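> what's the 3D shape of this:
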Amino acid sequence: MPTDDRCQRFADYVVDNCMDIGCDFPLSLWAQSHDLQPATTNGAESFHCHLNDDFNTPHPNIYISVQALLRQQTATYISIGSLAFTKTVPRAAREKKQHC
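Down below sits the predicted model:
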């Protein structure tokens, strides 16, 4: 890190607000691993990646844009609906089970 007071303040801000225990924006909020999209740990990045896959031109017309958004909405509804049928096992329990 450069020896600049602004860099030090920014680094302190990131640690205080995004990394420390009890911070305002914990890691589980912005960098949680998503089981359905393992290519990235960032939900917004994953969403934009899949949305960009629906477009093959830089300036699509409105109808193609709406179709892409509707496909994304449908995929989101399916993902949310499938959460009711999945059993989540806490990380500690998975690790304990692996060691046994």
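> how close does the nearest residue to residue 19 once chain neighbours are set aside sit to residue 18?
Nearest non-adjacent residue to residue 19, counting by C-beta to C-beta, 6 or more residues apart in numbering: residue 27, 6.9 Å away. From N, CA and C alone the C-beta is placed, and that goes for glycine too. From residue 27 across to residue 18, the span is 7 Å (C-beta to C-beta, to the nearest Å).
> So which of those two has more stuff around it?
Neighbours around residue 27 and residue 18, counted as other C-beta atoms under 10 Å, are more numerous at residue 18. The numbers are 15 against 11.
> Quick check on the closest residue to the more buried one other than its chain neighbours: phi, psi?
Leaving out its chain neighbours, the residue that sits closest to residue 18 by C-beta to C-beta, 6+ apart is residue 25, at 5.0 Å. With angles defined as degrees, to the nearest 10, residue 25 shows backbone torsions of phi -130, psi 80.
> ok, residue 25 to residue 19 distance?
9 Å.
> what touches both of residue 27 and residue 18?
Common contacts of residue 27 and residue 18 (C-beta atoms under 8 Å, 6 or more residues apart in numbering): none found.
> Tell me, how many residues neighbour residue 56?
Residues lying near residue 56 (other C-beta under 10 Å) number 8.
> and it, what does it touch?
By C-beta under 8 Å, 6+ apart, the contact set of residue 56 is empty.
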